[in-house]
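Asker: Here is my input, please return the structure:
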Amino acid sequence: MEVDSDEDDEDETQPPAQSYMSLMRSLVESAPTAKRRKLDHTAAEDKAPAPVSDDDDDEEGEARDPDLVEEAEEDPADPTPEDLFDEDDDLDSTDPFEVHFSEPNEEELQRRLRAIQDGKWRTERVAAKSSRIFLNTPDTGDTDAKTLPSAVSGISDLKLKKKLHESMEPKHPRLDQVEQTIAPLLFNYQDLLYCNRTVAGSEGVRRMTCLHALNHIFKTRDRVVKNNARLARNGGKEELELRDQGFTRPKVLMILPTRQSCVTMVDMMVSIVEPDQQENRKRFDDGYVEKQSKFSDDKPEDFKDLFAGNDDDMFRLGMKFTRKTIKYFSQFYNSDIIFASPLGLRMAIGSEEEKKVDFDFLSSIEVVVVDQADAILMQNWEHVEFIFEHLNIQPKDAHGCDFSRVRSWYLDDQARYFRQTVVLSAFNTPELAELVRVHCRNWAGKARLQHEYPGTIQHLGVKARQTFSRFEAASIAADPDARFAYFTRAIVPLLTKHKARDAAGTLVFIPSYLDFVRVRNYFANNAAVEHVSFGAISEYADVPEASRARSHFLTGRHKVLLYTERAHHFARYQIRGVRRVVMYALPDNPLFYHEIAGGYLQKSEQQLMLEHGQGLVRVMFSKYDVMKLERIVGTARVGKMILEQGDTFDFV
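Answerer: Next comes the predicted model:
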């Protein structure tokens, strides 16, 4: 059972294209109000400030921002000598970089843009070795159009800069299965929603995305620098039309969940590029690298992979590449790539309330990578939506732009149709599907890759009766009320009969915090559950509060424990004394079902708190839980459970 949210794209209301002349006029008029650049700064002034310790306060007594950059915006018309790249590549008309950005087929491009603007997409399902691939391409009426790129098996199959090829070929000539799956779509600039990211395969995913980002940056800068040299040699003798730029320099944006995830991405790029120098690397290590381990061995691998090291989710980092150097903490407008968490970038953009908003540095982003999107979903997803709403908007200020060098599709306000968006996640969710539906308008098309799921229910590691109960909801907006009504009507009576004598050891797992508050208030105030003592652990509970709730639940002082998905995500508590699990709703992460329904009951059996095979799991679901349900019960079963007339399904 697949739900393809891409098929029902709504028509997009398109803003009128801004003409070249009117755009130039508006930006030139705004230039006097732009921040004045300091073009004659010394080498010492050009360096980023030294790292600041946590207790070092500024003049107003507030801690300084460790990512603060005090650097003037460079004049793009005057690149520094070390910015020159080696002239080592001949022009290749079959290079996807040329086909997608520099020399697209104008007739085909216009047909595809019209299809996108009319909301017309064609969906194909392609069989693959380890994944289901759903391809969406603009429906131009050409049924013979080729949509799936040619397969790749090694580094030599990729159109790489010579420098990158020479670096990668000796170290990693052959691609593994994960790399072979995603590389064709990545390097052909198609949007990608990859829903199969695992801890074991994360290095391959990271290697391909970093290699692709570097390849794009190097080809972009190489083209600009070579054309600068052509113009210098020409000396104005003949008129040259060299369209090779965007409005601003940053071309790649990587949205990551933690500082440690930024470290792993940066280190992968360093291992690929092997620069002679790394400017401000010590400051980067001081602010981002945390070497001490802070977890016990019982934490699962995915938890340690995400939260090991520096797990701060507030950061942003500009990085600039030259021929022999990587510079950390470069000013955004001087950077080639921006690494940021959703919160860090949202704070950098600013807000209307603060009367300081700047998102011009996002105007010319051509590749966006959202890595570990499943972890970012556990943060504030609204920040991600906010960022995408501010991508590829024509800038308010000129920022020293040479408009005679700007690509025509930038001037025509079509940059969002050329941007490649790559979302990497362990699983798909409605939020990710909606992000792709609304913000992925790539004229090269988009693809979703995900596994066939065998299901988690048969791999719990403990014998337990698992009962899945379907309730009806008229719409997705009505789902919360219908879920709560079913819970109070069908589940609560099982807890309250015989004055709650049988309720002891019941864990109620509630993914949504809003649902958690509603259920908590019900247990606290409703007379129907007056005999049911309860405790609660949410993502906002501090360590003493959570420890107290776990202790009372273990001793039986509290018969019911309410537990949220984010609390489990951020802490992975080992809760003892569980005899019955009630899933108010299924978790997005199927590992959580295994750990809670399987791990907790298994621990109770091992500690002789529960007789073997007497554990119970009760799950509530509606048809709007189809994505979550598929990962838990398996692809083969989900269709019957959603569509059959019966509403109760037992698994032992």
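
Asker: Show me what the lengthiest helix in the chain is packed against.
Answerer: Identified as the longest helix of the chain according to DSSP state H is helix 202-234. Helices and strands touching helix 202-234, by 3 or more Cβ pairs under 8 Å, 6 or more residues apart in numbering; DSSP states H and E, are helix 96-97, helix 162-171, helix 177-187, strand 252-255, helix 259-273, strand 316-321, strand 367-370, strand 420-424. For the C-beta atoms, the positions are set from N, CA and C on the backbone; glycine is no exception.

Asker: what about it, average pLDDT?
Answerer: For helix 202-234, mean pLDDT is 91.

Asker: same thing with stretch 116-126?
Answerer: Stretch 116-126 comes out at a mean pLDDT of 91.

Asker: chain center to that stretch, what's the gap?
Answerer: 23 Å (Cα atoms, centre = their mean, to the nearest Å).

Asker: do the same with stretch 344-359
Answerer: For stretch 344-359, the distance to the chain centre is 21 Å (Cα atoms, centre = their mean).

Asker: how close does Lys559 sit to Gly505?
Answerer: 7 Å (Cβ to Cβ, to the nearest Å).

Asker: So which of the two has more stuff around it?
Answerer: Gly505 (25 against 20; other Cβ atoms under 10 Å).

Asker: give the contact list for His165.
Answerer: 155-156, 158 (Cβ atoms under 8 Å, 6 or more residues apart in numbering).

Asker: Let's see which of those end up in strands.
Answerer: Using DSSP state E, no member of the contacts of His165 falls in strands.

Asker: Save those residues as TSV, and put in pLDDT, distance to Gly344 and neighbour count too.
Answerer: Listed next are the contacts of His165 as TSV, based on pLDDT from 0 to 100; distance: Cβ to Cβ, whole Å; neighbours: other Cβ atoms under 10 Å:
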residue	pLDDT	distance to Gly344	neighbour count
Ile155	95	33	22
Ser156	93	38	12
Leu158	94	31	20
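
Asker: Just name the closest of those residues to Thr429, please.
Answerer: Leu158 (30.6 Å; Cβ to Cβ).

Asker: from what I can see the closest one touches Ala183, true?
Answerer: Yes - counting by Cβ atoms under 8 Å, Leu158 touches Ala183, with 6.7 Å between them.

Asker: what is in contact with those two at once?
Answerer: Common neighbours of Leu158 and Ala183 (Cβ under 8 Å, 6+ apart) are Val152.

Asker: how far away is the closest residue to Asp176 other than its chain neighbours from Asn589?
Answerer: In space, and not counting its chain neighbours, Asp176 is closest to Gly204: 5.2 Å by Cβ to Cβ, 6 or more residues apart in numbering. For Gly204, the distance to Asn589 equals 21 Å [Cβ to Cβ].

Asker: which sections of this structure are below the confidence cut-off?
Answerer: 1-64, 75-90, 129-130, 144-147, 236, 498, 500 (pLDDT under 70).

Asker: Buried residues in stretch 352-362, which are they?
Answerer: 358-362 (16 or more other Cβ atoms under 10 Å).

Asker: before we move on, the earlier item: next, the angle from the longest helix of the chain to helix 177-187.
Answerer: Orientation check (axes from the mean of the first three to the mean of the last three Cα atoms, to 10 degrees): helix 202-234 against helix 177-187 gives 30 degrees.

Asker: how far away is Asn188 from Ala115?
Answerer: For Asn188, the distance to Ala115 - Cβ to Cβ - is 19 Å.

Asker: neighbour count winner among the two?
Answerer: Asn188 (21 against 18).

Asker: SS state for the nearest residue to the more buried one once chain neighbours are set aside?
Answerer: Spatial nearest neighbour of Asn188, chain neighbours left out: Pro149 (4.3 Å); criterion: Cβ to Cβ, 6+ apart. Per DSSP: H, G, I helix; E, B strand; the rest coil, the secondary structure class of Pro149 is coil.

Asker: wait, what's in contact with Pro149?
Answerer: By Cβ under 8 Å, 6+ apart, the neighbours of Pro149 are 184-185, 187-188, 190.

Asker: let's go with 10 Å and repeat that
Answerer: Going by Cβ atoms under 10 Å, 6 or more residues apart in numbering, Pro149 touches 96, 183-190, 444-445, 447.

Asker: same thing with His451?
Answerer: His451 neighbours (Cβ under 10 Å, 6+ apart): 130-132, 195-196, 198, 427, 630-631, 635.

Asker: Please indicate which of the residues you listed are buried?
Answerer: 131-132, 195-196, 427, 630-631, 635.
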